[in-house]
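1. The sequence and its predicted three-dimensional model are supplied below.
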There are 4 protein chains.
Amino acid sequence: MKKIAVLTSGGDAPGMNTAIRAVVRRVLFKGLDVYGVQNGMKGLIRGDFIPMDLGSVGDIIHRGGTMLQSTRCEEFKTVEGQQQALNQLKENDIDGLIIIGGDGSFKAAKILNDRGLPTIGIPGTIDNDIAGTEYSIGFDTAVNTAVEAIDKIRDTAVSHERTYVIEVMGRDAGDIALWAGMCTGAESIIIPEVGYDPTDVIDRVKQGAKRGKMHSIIVVAEGVGKGIEIGEMIKQETEYDTKVSILGHLQRGGAPSAFDRMISSQMGAKAVDLLVEGKKGLMVGFKNGKLIHTSFEEASEEKHNIDLSIYHLARSLSI
Amino acid sequence: MKKIAVLTSGGDAPGMNTAIRAVVRRVLFKGLDVYGVQNGMKGLIRGDFIPMDLGSVGDIIHRGGTMLQSTRCEEFKTVEGQQQALNQLKENDIDGLIIIGGDGSFKAAKILNDRGLPTIGIPGTIDNDIAGTEYSIGFDTAVNTAVEAIDKIRDTAVSHERTYVIEVMGRDAGDIALWAGMCTGAESIIIPEVGYDPTDVIDRVKQGAKRGKMHSIIVVAEGVGKGIEIGEMIKQETEYDTKVSILGHLQRGGAPSAFDRMISSQMGAKAVDLLVEGKKGLMVGFKNGKLIHTSFEEASEEKHNIDLSIYHLARSLSI
Amino acid sequence: MKKIAVLTSGGDAPGMNTAIRAVVRRVLFKGLDVYGVQNGMKGLIRGDFIPMDLGSVGDIIHRGGTMLQSTRCEEFKTVEGQQQALNQLKENDIDGLIIIGGDGSFKAAKILNDRGLPTIGIPGTIDNDIAGTEYSIGFDTAVNTAVEAIDKIRDTAVSHERTYVIEVMGRDAGDIALWAGMCTGAESIIIPEVGYDPTDVIDRVKQGAKRGKMHSIIVVAEGVGKGIEIGEMIKQETEYDTKVSILGHLQRGGAPSAFDRMISSQMGAKAVDLLVEGKKGLMVGFKNGKLIHTSFEEASEEKHNIDLSIYHLARSLSI
Amino acid sequence: MKKIAVLTSGGDAPGMNTAIRAVVRRVLFKGLDVYGVQNGMKGLIRGDFIPMDLGSVGDIIHRGGTMLQSTRCEEFKTVEGQQQALNQLKENDIDGLIIIGGDGSFKAAKILNDRGLPTIGIPGTIDNDIAGTEYSIGFDTAVNTAVEAIDKIRDTAVSHERTYVIEVMGRDAGDIALWAGMCTGAESIIIPEVGYDPTDVIDRVKQGAKRGKMHSIIVVAEGVGKGIEIGEMIKQETEYDTKVSILGHLQRGGAPSAFDRMISSQMGAKAVDLLVEGKKGLMVGFKNGKLIHTSFEEASEEKHNIDLSIYHLARSLSI
């Protein structure tokens, strides 16, 4: 192992830069060479390799987004694209590759690894929907961003005795909604893992009103249904003043939280250490509070499990 | 002048609590009695008067929303409602009233004042669309909230080379959009005072792309047109990856900024001082950096003027 | 078990209010009665019991500090004080007690438990120095506060090519310093668990300068030595422009982070569930990513172990 | 006027980057060339000129610190240093210079201007102690940072019924202390313009305690006296639990507030416009809410006046 390359793929997440910094500096600490690949898989195919040194990753530990950028890449789905990527890696003498990204990125990682290029994955997505890890890079920051936004909306909810339906990110996974709902004391949390029950939502809003609490917060994961429709439903079924807010893309950005910087640094360095030890075809992750690694096969067979005890706890506390 | 009452009306704005604190404590400092009216004009009609002391406004200087709450009130638009409000004020021996709110609230304030109850208005609305003042309570906080959100979205815009259309609040006034756009270096700012020119928006996005800047931020005031439609237009006219984000109600909440706490404190105290001096029918405000007051008549005849030099400056700097 | 009381003891920590909310609402959810004790052990001795209902803990999930307040109490260290506390608990028909606090608080908790009052402890201290748990309430928020402050100071460090010594909280435990240092890319982290080696600090500052990095951040836990002395030492040993900043008490306050709200909610509810199940003499905690509980005996025999792998990782990445 | 150079001098302030961006882009908008000078006056003497284009100031509008860096420079105080700076400017064909900085910087600006190089000053310092302007770049951000920190400390003050003495920045000017104290409802504000009266401080703390308010916040400008001594004095004169917190250098950093971005953009562009119009020897500023300019002479004769009506208002409201 002499030259290691790193790239980010899929949607950006706060902490990706911290992970890039950790990869680059850990490689240099081990006395090897390191390259960044720009624009994800597209850059791999095009050969956008940049040599990195200590200074390349100076002053980025706290920046949101990804300095290596990321774009969708249809081309890699073809055998030609894959071959082209492998050729580029060979031409640039890359012995090991680290891919920071989500589920889709690991499928690409597995292909490259199977075809001979030692590859390690690092889970980076705010959605936290990756099997093989309890936390992915960006999740903690996204939850904090959502929580701060909902805290602000609560000011208006209380002042105007209003019901707010707040749609947060999470297409297939309800983790952001679950955490944001628990942490803001939401009256209802609607997540794909449990499903949407209009009667239950209405009941809980009315229960609150019965005991004098005239404002309600309902947090819904985008994957379940449109916040706007749920808002309409509440307006029709009750007389309450109801508004809808879609938090949207601000959840993807911002300076990473301390927790995200910590796991990004640990995962980045671990990925390098694994490659240096001759390991490959693995995704690093956190499980039971420990830094672990899983094979791409295992990770792809598993399903990311949401902790439903949080869901039930939230219900018992926002009675 | 022995008893002064204070209420908040219209949409809530950060700093309203700071202004309530200033009113209450200034009245007490002057040795008089002070009452809070809950739920705006509705509470006035229902007689929701609460006696306030120093402790009533302890620990609220930094809280968003309004502790006195605010609701729409159709009833006050009728002569009966107005009479009922005046009766309640008389029954509670109120000699002077301070109303913190927006344009609509001052119409109500003028009616009460004209019918014999000395009334002073304090401009409180994030939209900053009130004539007779350069700044209304909540505007600075709302702009900062929008700016922080757009800073976050920019992380993703840069990482993915994307165009973002960001819709901010402001139905009739483009102040939030203008300030947020200027302060985040937006490529285009779309405000009702100038109007929406699709060709210009497209031209500026393309100009940026031509010189290698593959991400763009377009800030649009809700009053001009739907952010979603503008996003669709850009997608159709260009090949750029374009997303839309509607910042929504989070702009109304949060701890007030220092500037909002300052003007809220100054305006709140000034309103009390004016009543104590025997003045009435006035709105306090800031003009040319000074605390001033205007009669309700003058204020209603004027129009809030947006500073279009900022618009042209922003265009020259985001070339 | 019919009546449960809850109190906060020791230094305040963000998330204590979230834990109080969880305790109160979980007790009510179980159909029992709940009391808050004000002013910690002092209030217990004086009998400051307040009946709590759902509304008592409304709108506090996100507030820093502790609504039940906390004060030092010398009196409880005497047998008379302890007996007085037990008498008050008996007179108020309290069957179970939940104490949220730090190490010292759990000694008190053990005494009450041993003398017959079923007691459960919840670890709440920003220092994270409690055995039997990997995270205590307030730690994550304090680290984020320190990280945000150091991010700001870095702006000036870079602009002026300066070395900054930043003293963070942590008397006996270096956790805040370790996390804050790792998460801000500090050149040196000085913690009591490793000790202070002036030669090493100077070497690392000089190494950075040799490769052209003219600014350095040194994070020091207050327990190791005075930041001011370390700053003086650097000024004497090098020619670098060096400043010292003591972050101080702002680290204790602020809205709790999402993570702190999550563990506070979980620990609060778990403490109630344990009492209801007839358990006692236990402290709840987090280990290996799971909610656990330890007996007061075990917890007091153990030592909180800092994760020194983070220390070595930080050194390898800030080369 | 063909080539304009810009530099930052003195202590860094949030918004300096925004002003650099405005200067650079406004010059380019006018069709002229623009250079950045690194490291302030020292860089001017050494000839650290960098040609700037649109991209040079991309993505800096929201960054704290100054990308052009700033250092103290003893050399410029000598006639040789000044001549050397003028030679460098001539050799690089610079026709106009813009200096962003504080009082000391404008003395240097005047010397260069008097010796034939058209120079314009932009007030940039968090202390807000510059005559000829009501607001200098960085002040609004610093006040907001101080206010947020004090809001956090208040959580602990309330929870523990403690008195906090909080020392903020401001050597000769009490503006930060005055604003921060007003905006956080401090019981006492100690500023150089009024002086420190121990009896008054004690009286106000005791008054608060008498009416049941057991926590106090005292904000002191560093210029008046050491926070630590004031804390000691209170401890000796009262029985109150008293702590001291020195906010320190975190007040200098961070993303600039919206207001600071706005005035930085306006002042930066105005400075360019003045040079292009053939004006020189002027400092831009804000007075009576308007963008103005003053000659270096006038500015140096004036004194920055603090608004003492705020001081008296704060006292009347924190009774």
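-> That came through fine.
2. Identify the residues contacting A:V34.
-> A:3-6, A:23-24, A:27-28, A:51-52 (CB atoms under 8 Å, 6 or more residues apart in numbering or on different chains). C-beta coordinates here come from the backbone N, C-alpha and C atoms, glycine included.
3. Tell me if I am right that it is in a helix.
-> No. Assessed with DSSP: H, G, I helix; E, B strand; the rest coil, A:V34 is strand; it does not lie in a helix.
4. Once you drop chain neighbours, what's closest to it?
-> A:V27 (3.9 Å; CB to CB, 6 or more residues apart in numbering or on different chains).
5. Of all residues in the stretch 51-200 of chain A, which one is closest to chain C?
-> Closest contact between the stretch 51-200 of chain A and chain C, by CB to the nearest CB, is at A:C183 (4.0 Å).
6. Look at that residue and give its secondary structure.
-> Applying three-state DSSP: A:C183 is helix.
7. gap between the closest residue to it other than its chain neighbours and chain D?
-> Spatial nearest neighbour of A:C183, chain neighbours left out: C:R261 (4.0 Å); criterion: CB to CB, 6+ apart. Distance of C:R261 to chain D, computed by CB to the nearest CB, to the nearest Å: 15 Å.
8. Would you check how far apart the residue of the stretch 51-200 of chain A closest to chain C and A:L317 are?
-> Separation of A:C183 from A:L317 (CB to CB, to the nearest Å): 11 Å.
9. Quick one: the helices in chain A, in order.
-> A:16-29, A:40-46, A:79-91, A:103-114, A:139-160, A:175-184, A:198-210, A:227-237, A:258-276, A:296-301, A:308-317 (DSSP state H).
10. State the pLDDT value of the residue in the stretch 101-250 of chain A that chain D sits nearest to.
-> For the stretch 101-250 of chain A and chain D, the shortest gap (CB to the nearest CB) falls at A:E148, measuring 12.9 Å. As predicted, A:E148 sits at a pLDDT of 98.
11. Same check on A:G248?
-> A:G248 carries a pLDDT score of 93 in this model.
12. that older thread, measure the residue of the stretch 101-250 of chain A closest to chain D to B:I292 for me?
-> According to CB to CB, A:E148 and B:I292 sit 35 Å apart.
13. out of those two, which sits in the busier spot?
-> A:E148 (22 against 16; other CB atoms under 10 Å in any protein chain shown).
14. Leaving out the residues flanking it, which one is nearest to the more buried one?
-> Nearest to A:E148 is C:A255, by CB to CB, 6+ apart, at 7.8 Å.
15. Let me know how buried the one you found is, in neighbour terms.
-> Neighbour count of C:A255, defined by other CB under 10 Å: 23.
16. for it, what are its contacts?
-> A:148, A:151, C:14, C:62-64, C:141.
17. which among those residues gets closest to chain B?
-> A:D151 (7.4 Å).
18. Now for that closest one: which residues touch it?
-> A:D151 sits next to A:184, B:253-254, C:62, C:255 when contact means CB under 8 Å, 6+ apart.
19. mind running it again at 10 Å?
-> The contact partners of A:D151, by CB atoms under 10 Å, 6 or more residues apart in numbering or on different chains, come to A:183-184, B:64, B:250, B:253-255, C:61-63, C:255.
20. Okay, buried residues for stretch A:23-33 please.
-> Buried positions in stretch A:23-33, judged by neighbour count with 16 or more other CB atoms under 10 Å in any protein chain shown: A:23-30, A:32-33.
21. lowest-pLDDT helix or strand in chain A?
-> Across the helices and strands of chain A, mean pLDDT, DSSP states H and E gives its lowest value to helix A:296-301, namely a mean of 86.
22. ok, back up a step: I figured the residue nearest to A:C183 hits A:E148, correct?
-> No. Under the criterion of CB atoms under 10 Å, C:R261 makes no contact with A:E148, lying 11.5 Å away.
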